[in-house]
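[1] the following block contains a protein sequence and its predicted model.
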Amino acid sequence: MATTAAPRLKARPAIPLPSRAAQTGSTTQQIVDAVTAAVIERRLMPGTRLAEQSMAEIFGVSRTIVRQALNQLSRDRLVTLEPARGASVATPSAEEARQVFETRAMLESELARRLSQTITPAQIAQLRQHLDEERAAIARTDVPGRTRLLADFHVVLARLLGNEVLAELLGDLLSRSSLISLMYQSSMSAEQSQAEHVAIVDALERRDAEAACRLMGQHIASVERNLQPLSAPVDLAAVLRPGLQLAS
């Protein structure tokens with residue numbers, strides 16, 4: 001899937017986690033951050049059981065703290081809570097996936113159009129730096145890093161437009177897109193996605209509103225078109241423990 005208050009997760013790209021992530025330094029928020037990061041970086045599969053006792057042991061906290069985090073993640077639609085069955089990572093339906101990408105296409109195409117009319121040379125330089133970071137992560141096969149950077153690109157655009165509400169909304173949608181991409185696995189390569197980002201920035205630099213709008217719509221449609229069904233089990237402790245090293 002996005003806040004400026006500290007503390008934040010360390011060793012991450014410039015854009016923070018979506019929505020309310022990193023707004024507080026509480027243990028509850030650290031758990032939310034770790035799960036959200038695992039989703040964004042495509043390490044935590046849809047449908048994975050999030051047993052309270054297991055998570056309490058992983059994070060060294062009480063089940064009450066874990067329950068609070070799961071409730072927040074449920075509000076963010078990243079976790080499903082079911083009576084008698086407990087919590088699990090959300091499993092978006094095909095229809096929900098269609099709606100998420102349709103919403104992104106509507107929002108982000110207009111975002112690109114408007115940004116092309118106001119973007120400054122300094123903002124173009126910031127985007128070029130982000131593209132360099134994407135390329136570097138791809139070159140060193142840093143899968144979590146490149147996944148986060150490729151998602152962050154879209155939030156960066158909203159922030160450059162000066163619309164924090166849109167940035168947070170896109171952060172939430174990107175988190176859900178990451179779940180969808182995990183569940184249906186994208187055959188689209190990181191290199192292809194990065195190349196499309198470059199084309200969008202080129203259009204923004206030319207202040208070509210129609211091209212920027214069209215390229216963004218094509219990019220999001222390309223991501224959706226390359227989704228294929230996939231399902232696989234996950235070792236919950238192995239996925240979430242790295243987040244503990246990142247949380248402040």
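    Here it is on my side, so go on.

[2] so which residues of this structure form helices?
    Under the criterion DSSP state H, helices of the chain are mapped to 27-40, 52-59, 63-75, 94-118, 121-139, 143-160, 164-184, 190-205, 209-225, 236-246.

[3] L50 touches G86, doesn't it?
    Yes. Using Cβ atoms under 8 Å, L50 is in contact with G86, at 7.2 Å. From N, CA and C alone the C-beta is placed, and that goes for glycine too.

[4] coming back round to it: out of the helices of the chain, which gets nearest to E82?
    Smallest distance to E82 across the helices of the chain (Cβ to Cβ): 10.2 Å, for helix 63-75.

[5] what comes up buried for the closest one?
    I65, V66, R67, Q68, A69, L70, Q72, L73 (16 or more other Cβ atoms under 10 Å).

[6] what is the neighbour count of the nearest residue to L44 once chain neighbours are set aside?
    Leaving aside its sequence neighbours, L44 sits nearest to A38 (Cβ to Cβ, 6 or more residues apart in numbering; 3.8 Å). Neighbour count for A38, taken as other Cβ atoms under 10 Å: 23.

[7] contact partners for the nearest residue to L70 once chain neighbours are set aside?
    Once flanking residues are discounted, L70 sits nearest to A87: 4.6 Å by Cβ to Cβ, 6+ apart. By Cβ atoms under 8 Å, 6 or more residues apart in numbering, A87 lies in contact with R49, L50, A51, E52, L70, L73, S74, V79, T80, L81.

[8] take those residues and write them to a markdown table, including distance to E224 and pLDDT.
    Shown next, in a markdown table, are these (distance: Cβ to Cβ, whole Å; pLDDT from 0 to 100):
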| residue | distance to E224 | pLDDT |
| --- | --- | --- |
| R49 | 28 | 92 |
| L50 | 27 | 94 |
| A51 | 32 | 92 |
| E52 | 34 | 93 |
| L70 | 29 | 95 |
| L73 | 24 | 92 |
| S74 | 25 | 92 |
| V79 | 23 | 93 |
| T80 | 22 | 93 |
| L81 | 28 | 93 |
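
[9] who wins for neighbours among those residues?
    Among those, L70 has the most neighbours (other Cβ under 10 Å), with 25 neighbours.

[10] can you pull out the low-pLDDT segments for the protein?
    Applying pLDDT under 70 to the chain picks out residues 1-25, 185-187, 228-239, 241-248.

[11] domain ranges for the chain?
    For the chain, automatic domain parsing gives the domain ranges 27-45+47-90+232-246, 94-225.

[12] would you mind measuring from the residue nearest to L70 to A69?
    Per Cβ to Cβ, to the nearest Å, A87 is found 10 Å from A69.

[13] can you check A199 too?
    Here the criterion is Cβ to Cβ. By it, A199 lies 39 Å from A69.

[14] find out how far stretch 43-53 is from the centre of the chain, if you would.
    Stretch 43-53 sits 17 Å away from the centroid of its parent chain (Cα atoms, centre = their mean, to the nearest Å).

[15] just the CA coordinates of it, formatted as PDB?
    Extracted C-alpha coordinates of stretch 43-53, given in PDB (Å, rounded to 0.1, in the frame of the first residue of the first chain):
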ATOM      1  CA  ARG A  43       6.900 -12.200   1.900                       C
ATOM      2  CA  LEU A  44       3.700 -13.000   3.700                       C
ATOM      3  CA  MET A  45       1.200 -15.000   1.600                       C
ATOM      4  CA  PRO A  46      -2.600 -14.400   1.600                       C
ATOM      5  CA  GLY A  47      -4.400 -16.900   3.800                       C
ATOM      6  CA  THR A  48      -1.500 -17.400   6.200                       C
ATOM      7  CA  ARG A  49      -2.800 -18.000   9.700                       C
ATOM      8  CA  LEU A  50      -1.700 -15.400  12.300                       C
ATOM      9  CA  ALA A  51      -2.100 -17.300  15.500                       C
ATOM     10  CA  GLU A  52      -2.000 -15.000  18.500                       C
ATOM     11  CA  GLN A  53       0.200 -17.200  20.600                       C
END
